[in-house]
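K.L.:
here's my sequence, what's the structure:
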Amino acid sequence: MKRFFERHVPHLPQRMFDIVADLEDYPRFIPNCRAMDVRADPAANGKDVKLARMTLFFGPITQAYTSRVTRDREALTIRAKAVDGPFSYLDSVWSFEPEGQGTRVRFEIDFKISNPLIAAVAEPAFAAKQEEIMRAFSDEADRRYGD
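P.N.:
Numbers count the residues shown, from 1 in each chain. The predicted structure is shown next:
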């Protein structure tokens, strides 16, 4: 299920990059994020790559998965690829481009849940949550940097 989201925010691209790159802080402001365990990727070869294990909850269901997250400050992009968990695949890209006095934040996500019975219910719900998550990053930027 491929989805694309974008919005203008009144904050500098580097600041928006920093908020999305601050993986450890997600449980504080991202909806349904219960925990985030972040460690260096031993295969990073000098790049800014982390292994991030996110635990999500939706009502009584709790699920965790690990992504390889590549942060590129020069290109102002953050890429994540699931390496375990309930997904057949999950690939996402955040990008941050100057726009007027702020930033055009773009988020692309493509994913498929492995179990077809769970996928029928969970995929649309997970996709719908992405807009809420994008809004959470914008709200966090307002809190950190003022509107």
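
K.L.:
which residue ranges form the strands in the protein?
P.N.:
Assigned by DSSP state E, the strands in the chain fall at 2-9, 33-40, 49-58, 61-72, 77-82, 87-99, 102-113.

K.L.:
give me the angle between the longest one and strand 102-113.
P.N.:
With axes from the mean of the first three to the mean of the last three C-alpha atoms, to 10 degrees as the basis, strand 87-99 and strand 102-113 are set at 170 degrees to each other.

K.L.:
name the surrounding residues that touch strand 87-99.
P.N.:
8, 12-14, 16-17, 20, 65, 67, 75-82, 103-114 (C-beta atoms under 8 Å, 6 or more residues apart in numbering). To be clear about C-beta, it is placed using only N, CA and C from the backbone, and glycine gets the same treatment.

K.L.:
switch the cut-off to 6 Å
P.N.:
Residues outside strand 87-99 that contact it (C-beta atoms under 6 Å, 6 or more residues apart in numbering) are 8, 13, 16-17, 20, 76-82, 103-114.

K.L.:
parallel or antiparallel, which strands does that strand pair with?
P.N.:
Take DSSP bridges as the rule and strand 87-99 pairs in its sheet with strand 77-82 (antiparallel), strand 102-113 (antiparallel).

K.L.:
adding mean pLDDT and mean neighbour count, write these out as TSV.
P.N.:
Formatted as TSV, the strands paired with strand 87-99 follow (pLDDT from 0 to 100; neighbours: other C-beta atoms under 10 Å):
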stretch	mean pLDDT	mean neighbour count
strand 77-82	98	18
strand 102-113	94	19
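
K.L.:
could you dump these to a markdown table with distance to residue 92?
P.N.:
Below are the strands paired with strand 87-99 laid out as a markdown table (distance: least, C-beta to C-beta, whole Å):
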| stretch | distance to residue 92 |
| --- | --- |
| strand 77-82 | 5 |
| strand 102-113 | 4 |
